[in-house]
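# after the sequence you'll find the predicted model.
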Amino acid sequence: MKTALITGANRSIGFELAKQLAGQGIFVYLGARSLAKGNAAVQELNETGLKNLKAIEIDVTDPDSIFSASKTIETEQGKLDILINNAGILGKSPQGAAATAVEEIRNVFDTNFFGVIGVTQAFLELLKKSDSPRISNITSGLGSLTLHSDPEWKYYQVKTAAYGPSKSALNAYTIVLAHELANHNFKVNAIDPGYTATDFNNYSGPGTVEDAASFILKHTLTDNNGPNGKFFSNDIEDSTGISPW
């Protein structure tokens, strides 16, 4: 049985990812900053008949928490097949470039960028023990520099000094990581689930968590000939789903 870890999985898209992955027969570690909240989420999924899940406490901004989670999975599984770096924060609003405090920008980057790096590096050796390791970094269309420079883009006016740049940085890291791991059978991609109705945005998005999770898994559960180092977006209206960087 393949094993997956999803960070930030006790609610919203992460919760739906855990549900869909477990439904495909994959053992899922449902990552949450609070073990109590993680256990509650697992219990909810257990009640639907899904049993191949376990809550694991992981705060992506806490190196000790990350290390403890990696040691737990190493002891229990010996490897990891799928890592979905889903945990993220929006930060306080508004986020004007001239007025947003450096501390606030740093706080958002700590979770959305440095947190992903910390988790990825901690689990890399376990992923290398998989026959088909996959890393999906959950990003946003707001991280696309090309789209943000196009006045015709539908979200052109949505500028954020902390959130968007944190995802741009994540995209850049994804490119470097994918290149570095390409000869180890890894597939590493940045995936934007699209503007989805979640508590993250006060349910203002038009998309559903079900569709968002399905899109992420479509570009995660690929075969060994699948794409590597790409930026997929559920808001791109062509057959490839590939977003400009």
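Cool, the structure landed.
# drop to CA atoms for contacts and neighbour counts, all remaining ones
Fine.
# output stretch 220-237 as CSV, restricted to C-alpha atoms.
In CSV, the C-alpha atoms belonging to stretch 220-237 read as follows (Å, rounded to 0.1, in the frame of the first residue of the first chain):
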residue,chain,number,x,y,z
THR,A,220,0.0,14.0,-8.4
LEU,A,221,-0.9,10.4,-9.1
THR,A,222,1.0,10.3,-12.4
ASP,A,223,3.0,7.4,-13.8
ASN,A,224,6.8,7.5,-14.3
ASN,A,225,6.4,9.2,-17.7
GLY,A,226,4.4,12.0,-16.2
PRO,A,227,5.4,15.7,-16.2
ASN,A,228,8.0,17.1,-13.8
GLY,A,229,8.7,20.6,-12.8
LYS,A,230,5.4,22.1,-14.1
PHE,A,231,2.9,24.6,-12.8
PHE,A,232,-0.6,23.4,-13.2
SER,A,233,-3.7,25.6,-12.5
ASN,A,234,-7.3,24.7,-12.3
ASP,A,235,-8.1,28.2,-13.4
ILE,A,236,-6.4,27.7,-16.8
GLU,A,237,-9.0,27.0,-19.4
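# pull the longest helix from the protein.
Counting by DSSP state H, the longest helix found in the chain is helix 163-181.
# after that one, which helix or strand is next?
strand 187-192 (DSSP states H and E).
# for residue 117, which three-state class applies?
Three-state assignment for residue 117 (DSSP: H, G, I helix; E, B strand; the rest coil): helix.
# can you check residue 28 too?
Applying three-state DSSP: residue 28 is strand.
# what's the answer for residue 159, then?
Using three-state DSSP, the structure places residue 159 in coil.
# neighbours around the closest residue to residue 235 other than its chain neighbours, how many?
In this structure, residue 235 finds its nearest non-sequential neighbour in residue 194, 5.1 Å apart by C-alpha to C-alpha, 6 or more residues apart in numbering. Using other C-alpha atoms under 10 Å, the number of residues around residue 194 comes to 24.
# let me see the contact set for residue 194.
Residue 194 makes contact with 140-141, 207, 212, 233-235, according to C-alpha atoms under 8 Å, 6 or more residues apart in numbering.
# swap in residue 243?
By C-alpha under 8 Å, 6+ apart, the contact list for residue 243 reads 141, 144, 231-233, 236.
# again, 7 Å this time
231-233, 236 (C-alpha atoms under 7 Å, 6 or more residues apart in numbering).
# could you dump these into JSON lines with distance to residue 116 added?
Shown next, in JSON lines, are the contacts of residue 243 (distance: C-alpha to C-alpha, whole Å):
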{"residue": "231", "distance to residue 116": "16"}
{"residue": "232", "distance to residue 116": "18"}
{"residue": "233", "distance to residue 116": "19"}
{"residue": "236", "distance to residue 116": "24"}
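# are any of these buried, and which?
Listed as buried from those are 231-233; burial here means 16 or more other C-alpha atoms under 10 Å.
# so can I have JSON lines of those residues showing distance to residue 242 and pLDDT?
Shown next, in JSON lines, are the buried ones among the contacts of residue 243 (distance: C-alpha to C-alpha, whole Å; pLDDT from 0 to 100):
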{"residue": "231", "distance to residue 242": "6", "pLDDT": "98"}
{"residue": "232", "distance to residue 242": "4", "pLDDT": "98"}
{"residue": "233", "distance to residue 242": "6", "pLDDT": "98"}
